[in-house]
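[1] need a structure here:
(4 chains)
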2 protein chains.
Amino acid sequence: MHALHEAPLTRSVEDYLKVIYHLSSQGGFAATSDIAAMLDVAPPSVSGMVKRLSETGLIEHVPYRGVQLTQQGRRAALRMIRRHRILETYLTQQLGYDWGGVHVEAERLEHAVSDGLIERMAGTLGDPRYDPHGAPIPTAAGDIEETELVSLAEAPVGAELELREVGTQDPARLSFFAEQGLVPGIRLRVTDRQPFNGPTTVRLESDEVRVVGRELAQALRCLAATK
Amino acid sequence: MHALHEAPLTRSVEDYLKVIYHLSSQGGFAATSDIAAMLDVAPPSVSGMVKRLSETGLIEHVPYRGVQLTQQGRRAALRMIRRHRILETYLTQQLGYDWGGVHVEAERLEHAVSDGLIERMAGTLGDPRYDPHGAPIPTAAGDIEETELVSLAEAPVGAELELREVGTQDPARLSFFAEQGLVPGIRLRVTDRQPFNGPTTVRLESDEVRVVGRELAQALRCLAATK
DNA sequence: GATAGTTCTTAGTATAATCTAACTCTGGCA
DNA sequence: TGCCAGAGTTAGATTATACTAAGAACTATC
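    Modelled structure (predicted):
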(Lines give C-alpha, C1' and ligand atoms only; values in the text may rest on other atoms or scores of the structure.)
Protein backbone atom coordinates (compact mmCIF):
# COMPACT_ATOMS: atom_id res chain seq x y z
CA MET A 1 0.00 0.00 0.00
CA HIS A 2 2.67 2.47 1.01
CA ALA A 3 5.51 3.24 -1.32
CA LEU A 4 8.55 1.47 0.01
CA HIS A 5 10.69 4.56 0.22
CA GLU A 6 8.41 7.48 0.75
CA ALA A 7 10.85 10.27 0.11
CA PRO A 8 10.95 12.60 3.08
CA LEU A 9 8.98 15.74 2.35
CA THR A 10 10.55 19.15 2.58
CA ARG A 11 9.25 21.76 4.98
CA SER A 12 7.67 23.69 2.17
CA VAL A 13 5.88 20.66 0.84
CA GLU A 14 4.56 19.89 4.31
CA ASP A 15 3.25 23.43 4.61
CA TYR A 16 1.55 23.32 1.24
CA LEU A 17 -0.15 20.03 2.05
CA LYS A 18 -1.40 21.37 5.33
CA VAL A 19 -3.00 24.46 3.86
CA ILE A 20 -4.44 22.52 0.94
CA TYR A 21 -6.02 20.20 3.48
CA HIS A 22 -7.59 23.08 5.34
CA LEU A 23 -8.77 24.84 2.19
CA SER A 24 -10.28 21.75 0.60
CA SER A 25 -11.63 20.09 3.74
CA GLN A 26 -15.15 21.34 3.00
CA GLY A 27 -15.06 19.14 -0.06
CA GLY A 28 -14.03 21.49 -2.80
CA PHE A 29 -10.87 22.56 -4.58
CA ALA A 30 -8.20 24.75 -3.06
CA ALA A 31 -7.59 27.81 -5.22
CA THR A 32 -4.11 28.94 -6.14
CA SER A 33 -4.60 32.43 -4.78
CA ASP A 34 -5.99 31.15 -1.48
CA ILE A 35 -3.02 28.85 -1.02
CA ALA A 36 -0.73 31.76 -1.85
CA ALA A 37 -2.45 33.99 0.69
CA MET A 38 -2.32 31.38 3.46
CA LEU A 39 1.37 30.70 2.91
CA ASP A 40 2.24 34.31 2.24
CA VAL A 41 3.92 33.57 -1.09
CA ALA A 42 3.25 34.84 -4.61
CA PRO A 43 0.73 32.94 -6.77
CA PRO A 44 3.38 31.81 -9.29
CA SER A 45 5.26 30.10 -6.48
CA VAL A 46 2.12 28.10 -5.83
CA SER A 47 1.73 27.18 -9.49
CA GLY A 48 5.30 25.89 -9.49
CA MET A 49 4.88 23.86 -6.35
CA VAL A 50 1.52 22.53 -7.48
CA LYS A 51 3.16 21.18 -10.60
CA ARG A 52 5.75 19.28 -8.61
CA LEU A 53 3.28 18.01 -6.05
CA SER A 54 0.97 16.64 -8.69
CA GLU A 55 3.91 14.96 -10.42
CA THR A 56 4.77 13.25 -7.14
CA GLY A 57 1.17 12.19 -6.72
CA LEU A 58 0.39 14.13 -3.56
CA ILE A 59 -2.29 16.32 -5.11
CA GLU A 60 -4.50 16.42 -8.15
CA HIS A 61 -4.49 19.59 -10.16
CA VAL A 62 -7.26 20.76 -12.47
CA PRO A 63 -5.74 23.76 -14.27
CA TYR A 64 -7.53 27.02 -13.60
CA ARG A 65 -9.82 25.20 -11.16
CA GLY A 66 -7.69 24.28 -8.19
CA VAL A 67 -6.18 21.32 -6.36
CA GLN A 68 -7.26 18.50 -4.09
CA LEU A 69 -5.24 16.06 -2.03
CA THR A 70 -4.80 12.49 -3.16
CA GLN A 71 -5.06 9.70 -0.61
CA GLN A 72 -1.30 9.93 -0.15
CA GLY A 73 -1.37 13.70 0.20
CA ARG A 74 -4.19 13.52 2.70
CA ARG A 75 -2.25 11.03 4.79
CA ALA A 76 0.78 13.33 4.82
CA ALA A 77 -1.35 16.36 5.68
CA LEU A 78 -3.07 14.60 8.57
CA ARG A 79 0.30 13.51 9.89
CA MET A 80 1.35 17.17 10.02
CA ILE A 81 -1.89 18.18 11.66
CA ARG A 82 -1.43 15.49 14.28
CA ARG A 83 2.06 16.76 14.98
CA HIS A 84 0.90 20.32 15.22
CA ARG A 85 -1.96 19.58 17.59
CA ILE A 86 0.02 17.22 19.80
CA LEU A 87 2.71 19.87 20.05
CA GLU A 88 0.20 22.57 20.95
CA THR A 89 -1.27 20.36 23.62
CA TYR A 90 2.12 19.40 25.03
CA LEU A 91 3.46 22.93 25.10
CA THR A 92 0.31 24.14 26.82
CA GLN A 93 0.06 21.41 29.41
CA GLN A 94 3.72 20.72 30.14
CA LEU A 95 5.54 23.93 29.44
CA GLY A 96 3.13 26.64 30.46
CA TYR A 97 2.42 28.08 27.04
CA ASP A 98 -0.78 30.03 26.83
CA TRP A 99 -3.53 29.70 24.31
CA GLY A 100 -2.13 32.51 22.22
CA GLY A 101 1.55 31.79 21.89
CA VAL A 102 1.40 28.12 21.30
CA HIS A 103 0.52 28.11 17.63
CA VAL A 104 3.67 29.82 16.44
CA GLU A 105 5.94 27.54 18.42
CA ALA A 106 4.15 24.42 17.19
CA GLU A 107 4.47 25.67 13.64
CA ARG A 108 8.24 25.85 14.02
CA LEU A 109 8.54 22.44 15.59
CA GLU A 110 6.11 20.40 13.56
CA HIS A 111 8.59 19.95 10.74
CA ALA A 112 11.47 18.97 12.95
CA VAL A 113 10.22 16.53 15.56
CA SER A 114 10.45 12.81 14.89
CA ASP A 115 7.40 10.61 14.90
CA GLY A 116 8.88 8.92 17.93
CA LEU A 117 8.94 12.13 19.92
CA ILE A 118 5.38 12.99 18.94
CA GLU A 119 4.22 9.61 20.21
CA ARG A 120 6.16 10.06 23.44
CA MET A 121 4.51 13.42 23.96
CA ALA A 122 1.11 11.95 23.16
CA GLY A 123 1.80 9.17 25.64
CA THR A 124 2.84 11.60 28.37
CA LEU A 125 -0.41 13.48 27.80
CA GLY A 126 -2.53 10.31 27.85
CA ASP A 127 -3.26 10.32 24.11
CA PRO A 128 -5.36 13.46 23.99
CA ARG A 129 -8.17 13.63 21.45
CA TYR A 130 -8.47 17.42 21.25
CA ASP A 131 -5.95 20.21 21.16
CA PRO A 132 -6.18 23.27 23.44
CA HIS A 133 -8.51 25.01 21.00
CA GLY A 134 -10.81 22.03 20.87
CA ALA A 135 -9.75 20.82 17.44
CA PRO A 136 -9.67 17.03 17.06
CA ILE A 137 -6.24 15.41 16.91
CA PRO A 138 -5.86 12.84 14.11
CA THR A 139 -4.73 9.42 15.30
CA ALA A 140 -1.30 8.09 14.44
CA ALA A 141 -3.07 5.86 11.93
CA GLY A 142 -4.43 8.92 10.17
CA ASP A 143 -8.06 8.99 11.22
CA ILE A 144 -9.68 12.22 12.26
CA GLU A 145 -12.97 12.79 14.04
CA GLU A 146 -15.39 14.70 11.88
CA THR A 147 -18.20 16.26 13.81
CA GLU A 148 -20.77 18.60 12.32
CA LEU A 149 -20.40 21.82 14.24
CA VAL A 150 -22.44 24.99 13.96
CA SER A 151 -20.83 28.37 14.33
CA LEU A 152 -22.32 30.51 17.05
CA ALA A 153 -23.14 33.07 14.37
CA GLU A 154 -25.55 30.63 12.73
CA ALA A 155 -27.11 28.91 15.74
CA PRO A 156 -30.79 29.74 16.21
CA VAL A 157 -31.91 31.87 19.12
CA GLY A 158 -32.94 29.61 21.97
CA ALA A 159 -30.46 26.84 21.13
CA GLU A 160 -28.65 25.07 23.95
CA LEU A 161 -25.07 24.53 22.81
CA GLU A 162 -21.76 23.14 23.90
CA LEU A 163 -18.78 25.17 22.69
CA ARG A 164 -16.48 22.65 21.07
CA GLU A 165 -13.82 24.46 19.09
CA VAL A 166 -12.38 27.93 18.91
CA GLY A 167 -11.39 28.35 15.30
CA THR A 168 -8.78 31.05 15.28
CA GLN A 169 -5.07 31.20 15.83
CA ASP A 170 -4.82 34.90 16.42
CA PRO A 171 -3.35 35.42 19.89
CA ALA A 172 -5.33 38.60 20.49
CA ARG A 173 -8.67 36.97 19.69
CA LEU A 174 -7.74 33.89 21.68
CA SER A 175 -6.88 35.81 24.79
CA PHE A 176 -10.09 37.82 24.43
CA PHE A 177 -12.08 34.58 24.29
CA ALA A 178 -10.19 33.27 27.30
CA GLU A 179 -11.02 36.42 29.32
CA GLN A 180 -14.66 36.00 28.43
CA GLY A 181 -14.66 32.40 29.56
CA LEU A 182 -15.46 31.25 26.05
CA VAL A 183 -13.35 28.10 26.02
CA PRO A 184 -14.05 24.60 24.64
CA GLY A 185 -16.35 22.55 26.82
CA ILE A 186 -18.59 25.24 28.23
CA ARG A 187 -22.37 25.17 27.77
CA LEU A 188 -24.34 28.15 26.66
CA ARG A 189 -27.76 29.22 25.47
CA VAL A 190 -28.36 31.64 22.62
CA THR A 191 -30.65 34.30 24.03
CA ASP A 192 -30.63 36.90 21.28
CA ARG A 193 -29.27 37.91 17.91
CA GLN A 194 -29.41 41.38 16.44
CA PRO A 195 -30.38 41.62 12.78
CA PHE A 196 -28.16 42.75 9.91
CA ASN A 197 -25.18 40.61 10.96
CA GLY A 198 -25.42 41.95 14.46
CA PRO A 199 -24.02 40.38 17.62
CA THR A 200 -25.21 37.19 19.25
CA THR A 201 -26.03 37.19 22.95
CA VAL A 202 -25.47 34.05 25.00
CA ARG A 203 -26.00 33.07 28.61
CA LEU A 204 -23.36 30.84 30.17
CA GLU A 205 -24.05 28.14 32.75
CA SER A 206 -22.86 30.57 35.39
CA ASP A 207 -25.72 32.85 34.24
CA GLU A 208 -23.22 35.37 33.01
CA VAL A 209 -24.12 36.96 29.71
CA ARG A 210 -21.80 37.53 26.74
CA VAL A 211 -22.43 39.55 23.65
CA VAL A 212 -20.34 38.32 20.73
CA GLY A 213 -19.93 40.19 17.45
CA ARG A 214 -20.53 38.33 14.24
CA GLU A 215 -16.90 37.95 13.24
CA LEU A 216 -15.92 36.37 16.53
CA ALA A 217 -19.11 34.33 16.74
CA GLN A 218 -18.18 32.66 13.46
CA ALA A 219 -15.03 31.31 15.07
CA LEU A 220 -16.94 29.66 17.92
CA ARG A 221 -18.01 26.22 16.73
CA CYS A 222 -20.64 24.47 18.74
CA LEU A 223 -22.58 21.27 19.11
CA ALA A 224 -26.23 20.92 20.15
CA ALA A 225 -25.87 20.37 23.90
CA THR A 226 -26.64 16.92 25.23
CA LYS A 227 -29.19 17.11 28.05
CA MET B 1 28.00 45.87 19.93
CA HIS B 2 25.47 43.60 18.34
CA ALA B 3 24.35 44.22 14.81
CA LEU B 4 20.88 45.66 15.01
CA HIS B 5 19.38 43.12 12.69
CA GLU B 6 21.35 39.96 13.05
CA ALA B 7 19.99 38.10 10.06
CA PRO B 8 18.61 34.74 11.14
CA LEU B 9 21.07 32.01 10.32
CA THR B 10 20.09 29.11 8.11
CA ARG B 11 20.21 25.56 9.38
CA SER B 12 23.32 24.87 7.35
CA VAL B 13 25.11 27.88 8.71
CA GLU B 14 24.21 26.85 12.26
CA ASP B 15 25.61 23.40 11.63
CA TYR B 16 28.84 24.73 10.17
CA LEU B 17 29.36 27.06 13.12
CA LYS B 18 28.79 24.25 15.58
CA VAL B 19 31.33 21.92 14.04
CA ILE B 20 33.84 24.72 13.56
CA TYR B 21 33.46 25.47 17.26
CA HIS B 22 34.14 21.86 18.17
CA LEU B 23 37.07 21.52 15.78
CA SER B 24 38.75 24.72 16.82
CA SER B 25 37.94 24.63 20.53
CA GLN B 26 41.40 23.34 21.38
CA GLY B 27 42.71 26.65 20.12
CA GLY B 28 43.67 25.87 16.54
CA PHE B 29 42.17 26.18 13.09
CA ALA B 30 39.42 23.95 11.78
CA ALA B 31 40.52 22.26 8.55
CA THR B 32 38.28 22.15 5.50
CA SER B 33 38.45 18.39 5.23
CA ASP B 34 37.61 17.90 8.91
CA ILE B 35 34.59 20.15 8.62
CA ALA B 36 33.54 18.25 5.51
CA ALA B 37 33.89 14.92 7.29
CA MET B 38 31.92 16.06 10.34
CA LEU B 39 29.07 17.42 8.24
CA ASP B 40 29.22 14.62 5.70
CA VAL B 41 29.54 16.95 2.74
CA ALA B 42 32.21 17.23 0.03
CA PRO B 43 35.19 19.53 0.67
CA PRO B 44 34.24 22.00 -2.09
CA SER B 45 30.92 22.57 -0.35
CA VAL B 46 32.88 23.62 2.69
CA SER B 47 35.09 25.98 0.71
CA GLY B 48 31.97 27.62 -0.67
CA MET B 49 30.31 28.01 2.68
CA VAL B 50 33.53 29.22 4.28
CA LYS B 51 33.71 31.99 1.77
CA ARG B 52 30.23 33.20 2.60
CA LEU B 53 30.68 32.86 6.34
CA SER B 54 33.84 34.90 6.32
CA GLU B 55 32.13 37.56 4.22
CA THR B 56 29.38 37.78 6.84
CA GLY B 57 31.98 38.03 9.58
CA LEU B 58 31.16 34.82 11.40
CA ILE B 59 34.52 33.17 10.79
CA GLU B 60 38.02 34.08 9.77
CA HIS B 61 39.54 32.14 6.95
CA VAL B 62 43.24 31.70 6.28
CA PRO B 63 43.37 30.02 2.87
CA TYR B 64 44.91 26.57 2.91
CA ARG B 65 45.23 26.83 6.70
CA GLY B 66 41.71 26.66 8.04
CA VAL B 67 39.09 28.71 9.82
CA GLN B 68 38.37 30.08 13.27
CA LEU B 69 35.25 31.64 14.71
CA THR B 70 35.02 35.36 15.24
CA GLN B 71 33.47 36.69 18.42
CA GLN B 72 30.14 36.82 16.63
CA GLY B 73 30.52 33.31 15.26
CA ARG B 74 31.46 31.97 18.65
CA ARG B 75 28.40 33.54 20.19
CA ALA B 76 26.17 31.92 17.57
CA ALA B 77 27.89 28.55 18.00
CA LEU B 78 27.50 28.61 21.77
CA ARG B 79 23.85 29.45 21.38
CA MET B 80 23.40 26.31 19.28
CA ILE B 81 25.34 24.24 21.78
CA ARG B 82 23.18 25.54 24.60
CA ARG B 83 20.08 24.60 22.66
CA HIS B 84 21.39 21.17 21.88
CA ARG B 85 22.39 20.39 25.44
CA ILE B 86 19.23 21.77 27.00
CA LEU B 87 17.22 19.69 24.56
CA GLU B 88 19.20 16.55 25.36
CA THR B 89 18.67 17.13 29.05
CA TYR B 90 14.98 17.84 28.66
CA LEU B 91 14.31 14.86 26.42
CA THR B 92 16.17 12.59 28.81
CA GLN B 93 14.60 13.82 32.00
CA GLN B 94 11.08 14.62 30.87
CA LEU B 95 10.38 12.34 27.96
CA GLY B 96 12.22 9.17 28.80
CA TYR B 97 14.86 9.30 26.09
CA ASP B 98 17.90 7.21 26.79
CA TRP B 99 21.51 8.22 26.61
CA GLY B 100 21.83 6.84 23.10
CA GLY B 101 18.85 8.14 21.21
CA VAL B 102 18.79 11.65 22.52
CA HIS B 103 21.50 13.16 20.37
CA VAL B 104 19.76 12.60 17.05
CA GLU B 105 16.48 14.07 18.26
CA ALA B 106 18.20 17.11 19.73
CA GLU B 107 20.02 17.62 16.46
CA ARG B 108 16.70 17.82 14.62
CA LEU B 109 15.14 20.19 17.10
CA GLU B 110 17.98 22.56 17.85
CA HIS B 111 17.38 24.55 14.68
CA ALA B 112 13.64 24.84 15.14
CA VAL B 113 12.95 25.68 18.77
CA SER B 114 12.61 29.30 19.81
CA ASP B 115 14.84 30.82 22.44
CA GLY B 116 11.75 31.19 24.57
CA LEU B 117 11.05 27.48 24.53
CA ILE B 118 14.65 26.66 25.36
CA GLU B 119 14.47 28.92 28.40
CA ARG B 120 11.18 27.37 29.47
CA MET B 121 12.74 23.94 29.24
CA ALA B 122 15.78 25.12 31.14
CA GLY B 123 13.48 26.57 33.79
CA THR B 124 11.49 23.35 34.11
CA LEU B 125 14.75 21.51 34.62
CA GLY B 126 16.06 23.98 37.20
CA ASP B 127 18.67 25.53 34.92
CA PRO B 128 20.92 22.50 34.57
CA ARG B 129 24.65 23.08 34.19
CA TYR B 130 25.52 19.78 32.53
CA ASP B 131 23.86 17.69 29.87
CA PRO B 132 23.26 13.94 30.26
CA HIS B 133 26.75 13.16 29.00
CA GLY B 134 28.34 15.53 31.46
CA ALA B 135 29.12 18.27 28.97
CA PRO B 136 28.74 21.80 30.35
CA ILE B 137 25.74 23.78 29.11
CA PRO B 138 26.58 27.34 28.03
CA THR B 139 24.54 30.01 29.78
CA ALA B 140 21.97 32.06 27.90
CA ALA B 141 24.49 34.88 28.05
CA GLY B 142 26.99 32.75 26.15
CA ASP B 143 29.45 31.71 28.83
CA ILE B 144 30.67 28.17 29.03
CA GLU B 145 32.52 26.43 31.81
CA GLU B 146 35.95 25.35 30.71
CA THR B 147 37.47 22.72 32.91
CA GLU B 148 40.72 20.99 32.14
CA LEU B 149 39.85 17.35 31.87
CA VAL B 150 42.14 14.39 31.31
CA SER B 151 41.07 11.47 29.19
CA LEU B 152 41.16 8.15 30.95
CA ALA B 153 43.62 6.99 28.30
CA GLU B 154 46.17 9.53 29.50
CA ALA B 155 45.63 9.47 33.25
CA PRO B 156 48.59 8.03 35.16
CA VAL B 157 48.29 4.68 36.87
CA GLY B 158 47.33 5.25 40.49
CA ALA B 159 45.32 8.40 39.81
CA GLU B 160 42.06 8.94 41.70
CA LEU B 161 39.59 10.42 39.26
CA GLU B 162 36.05 11.63 38.92
CA LEU B 163 34.47 10.83 35.57
CA ARG B 164 33.03 14.08 34.33
CA GLU B 165 32.13 13.75 30.69
CA VAL B 166 31.50 10.97 28.23
CA GLY B 167 32.67 12.33 24.92
CA THR B 168 30.89 10.32 22.29
CA GLN B 169 27.52 10.46 20.64
CA ASP B 170 27.52 6.97 19.28
CA PRO B 171 24.51 5.17 20.74
CA ALA B 172 26.28 1.80 20.80
CA ARG B 173 29.25 3.14 22.74
CA LEU B 174 27.00 5.10 25.04
CA SER B 175 24.90 2.13 25.96
CA PHE B 176 28.04 0.08 26.50
CA PHE B 177 29.34 2.72 28.91
CA ALA B 178 25.98 2.79 30.65
CA GLU B 179 26.04 -1.00 31.12
CA GLN B 180 29.50 -0.73 32.60
CA GLY B 181 28.38 1.93 35.03
CA LEU B 182 30.76 4.42 33.47
CA VAL B 183 28.59 7.50 33.74
CA PRO B 184 29.40 11.10 34.71
CA GLY B 185 29.88 11.62 38.42
CA ILE B 186 31.39 8.28 39.39
CA ARG B 187 34.77 8.01 41.09
CA LEU B 188 37.43 5.61 39.98
CA ARG B 189 41.09 4.73 40.45
CA VAL B 190 43.43 3.80 37.61
CA THR B 191 44.98 0.50 38.64
CA ASP B 192 46.79 -0.55 35.48
CA ARG B 193 47.54 0.28 31.89
CA GLN B 194 48.91 -2.14 29.33
CA PRO B 195 51.70 -0.85 27.08
CA PHE B 196 51.48 -0.25 23.34
CA ASN B 197 48.17 1.59 23.51
CA GLY B 198 46.71 -1.20 25.54
CA PRO B 199 43.67 -1.05 27.79
CA THR B 200 43.37 0.87 31.04
CA THR B 201 42.08 -0.90 34.13
CA VAL B 202 40.09 1.01 36.71
CA ARG B 203 38.50 0.18 40.03
CA LEU B 204 35.15 1.82 40.76
CA GLU B 205 33.99 2.94 44.19
CA SER B 206 31.93 -0.23 44.34
CA ASP B 207 35.25 -2.12 44.02
CA GLU B 208 34.14 -3.43 40.68
CA VAL B 209 36.87 -3.50 38.07
CA ARG B 210 36.56 -2.34 34.46
CA VAL B 211 39.03 -2.82 31.65
CA VAL B 212 38.65 -0.12 29.02
CA GLY B 213 40.32 -0.24 25.61
CA ARG B 214 42.26 2.77 24.46
CA GLU B 215 39.69 4.06 22.01
CA LEU B 216 36.91 4.11 24.55
CA ALA B 217 39.19 5.38 27.32
CA GLN B 218 39.90 8.46 25.22
CA ALA B 219 36.22 9.34 25.34
CA LEU B 220 36.09 9.26 29.15
CA ARG B 221 37.13 12.67 30.40
CA CYS B 222 38.02 12.94 34.03
CA LEU B 223 39.01 15.32 36.77
CA ALA B 224 41.46 14.63 39.59
CA ALA B 225 39.11 13.49 42.36
CA THR B 226 38.59 15.80 45.29
CA LYS B 227 39.21 14.04 48.56
C1' DG C 1 65.66 21.92 -2.64
C1' DA C 2 62.84 19.22 -6.43
C1' DT C 3 58.92 16.32 -6.62
C1' DA C 4 54.98 13.39 -5.20
C1' DG C 5 51.00 13.27 -2.63
C1' DT C 6 47.61 15.23 -0.05
C1' DT C 7 44.65 18.98 0.81
C1' DC C 8 42.30 23.01 -0.69
C1' DT C 9 40.13 25.88 -3.95
C1' DT C 10 37.96 27.24 -8.38
C1' DA C 11 34.79 26.30 -12.10
C1' DG C 12 30.72 24.76 -13.67
C1' DT C 13 26.28 22.18 -12.90
C1' DA C 14 21.97 20.77 -10.32
C1' DT C 15 17.87 21.20 -7.27
C1' DA C 16 14.46 23.44 -4.28
C1' DA C 17 12.23 27.35 -3.47
C1' DT C 18 11.32 31.85 -4.26
C1' DC C 19 10.38 36.30 -6.96
C1' DT C 20 8.65 39.77 -10.92
C1' DA C 21 6.93 40.49 -15.44
C1' DA C 22 4.28 39.10 -18.99
C1' DC C 23 0.92 36.20 -21.04
C1' DT C 24 -3.49 33.24 -21.10
C1' DC C 25 -7.75 31.43 -19.34
C1' DT C 26 -12.56 31.83 -17.42
C1' DG C 27 -16.77 33.63 -16.34
C1' DG C 28 -19.88 37.50 -15.54
C1' DC C 29 -22.00 41.54 -17.57
C1' DA C 30 -23.24 45.16 -20.91
C1' DT D 1 -22.40 37.21 -27.40
C1' DG D 2 -18.33 39.33 -27.18
C1' DC D 3 -15.19 41.57 -24.09
C1' DC D 4 -12.63 42.45 -20.00
C1' DA D 5 -11.24 42.03 -15.08
C1' DG D 6 -9.41 38.94 -12.15
C1' DA D 7 -7.29 34.55 -11.43
C1' DG D 8 -3.94 31.35 -13.04
C1' DT D 9 0.12 30.10 -15.55
C1' DT D 10 4.58 30.34 -18.00
C1' DA D 11 9.14 32.45 -18.51
C1' DG D 12 13.24 33.84 -16.72
C1' DA D 13 16.12 35.42 -12.79
C1' DT D 14 17.82 34.82 -7.88
C1' DT D 15 19.54 32.60 -3.60
C1' DA D 16 21.17 28.79 -0.81
C1' DT D 17 23.23 24.63 -0.87
C1' DA D 18 25.07 20.83 -2.69
C1' DC D 19 27.80 18.02 -6.21
C1' DT D 20 31.89 16.45 -9.67
C1' DA D 21 35.95 17.44 -12.15
C1' DA D 22 39.98 19.77 -12.53
C1' DG D 23 43.63 22.86 -11.20
C1' DA D 24 46.66 25.16 -7.44
C1' DA D 25 49.21 25.19 -3.21
C1' DC D 26 51.22 23.46 0.68
C1' DT D 27 54.31 19.64 2.96
C1' DA D 28 56.96 15.79 3.61
C1' DT D 29 60.50 12.96 1.59
C1' DC D 30 64.40 11.76 -0.67
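[2] name the element residue A:91 belongs to?
    Under the criterion of DSSP states H and E, residue A:91 resides in helix A:71-95.
[3] other SSEs contacting that helix?
    If you count contacts as 3 or more CB pairs under 8 Å, 6 or more residues apart in numbering or on different chains; DSSP states H and E, helix A:71-95 packs onto helix A:11-24, helix A:102-109, helix A:115-124, helix B:115-124. Where you see a C-beta, it was placed from the backbone N, CA and C, and this is true even at glycine.
[4] could you dump those to a markdown table with mean pLDDT, mean neighbour count and distance to residue A:53?
    Formatted as a markdown table, the helices and strands packed on helix A:71-95 follow (pLDDT from 0 to 100; neighbours: other CB atoms under 10 Å in any protein chain shown; distance: least, CB to CB, whole Å):
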| stretch | mean pLDDT | mean neighbour count | distance to residue A:53 |
| --- | --- | --- | --- |
| helix A:11-24 | 98 | 20 | 6 |
| helix A:102-109 | 97 | 20 | 20 |
| helix A:115-124 | 98 | 17 | 22 |
| helix B:115-124 | 98 | 17 | 31 |
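[5] okay, buried residues for the helix holding residue A:91 please.
    A:72-92, A:94-95 (16 or more other CB atoms under 10 Å in any protein chain shown).
[6] out of the residues you listed, who's near DNA strand C?
    Checked against DNA strand C using CB under 7 Å from any atom of the strand, these give no members in range.
[7] for chain A, which segments count as helices?
    Shown for chain A, the helices assigned by DSSP state H span residues A:11-24, A:32-39, A:43-55, A:71-95, A:102-109, A:115-124, A:171-179, A:214-219.
[8] now the fourth one: how far from the chain's centre is it?
    When you say that, I think you mean helix A:71-95. Distance, stretch centre to chain centre, for helix A:71-95: 10 Å (CA atoms, centre = their mean, to the nearest Å).
[9] got the angle between it and helix B:115-124?
    50 degrees (axes from the mean of the first three to the mean of the last three CA atoms, to 10 degrees).
[10] TSV please, covering the helices and strands packed on helix A:71-95 and showing distance to DNA strand D.
    Below are the helices and strands packed on helix A:71-95 laid out as TSV (distance: least, CB to the nearest atom of the strand, whole Å):
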stretch	distance to DNA strand D
helix A:11-24	11
helix A:102-109	17
helix A:115-124	24
helix B:115-124	20
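[11] TSV for the ones you listed, including distance to residue A:49?
    Shown next, in TSV, are the helices and strands packed on helix A:71-95 (distance: least, CB to CB, whole Å):
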stretch	distance to residue A:49
helix A:11-24	6
helix A:102-109	18
helix A:115-124	24
helix B:115-124	29
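[12] tell me how many other residues surround the residue nearest to residue A:134 when sequence neighbours are not counted.
    Among residues not flanking residue A:134 along the chain, residue A:184 sits closest, at 3.2 Å (CB to CB, 6 or more residues apart in numbering or on different chains). Neighbour count of residue A:184, defined by other CB atoms under 10 Å in any protein chain shown: 19.
[13] contacts only, for residue A:74.
    The neighbourhood of residue A:74, defined by CB atoms under 8 Å, 6 or more residues apart in numbering or on different chains, consists of A:21, A:142.
[14] same question, the one 10 residues further on
    Counting by CB under 8 Å, 6+ apart, residue A:84 touches A:18, A:106-107, A:110, A:131.
[15] can you pull the pLDDT of it?
    What the model reports for residue A:84 is a pLDDT of 98.
[16] quick one: it from residue A:208, how far?
    32 Å (CB to CB, to the nearest Å).
[17] same thing with residue A:134?
    On the measure of CB to CB, residue A:134 and residue A:208 end up 20 Å apart.
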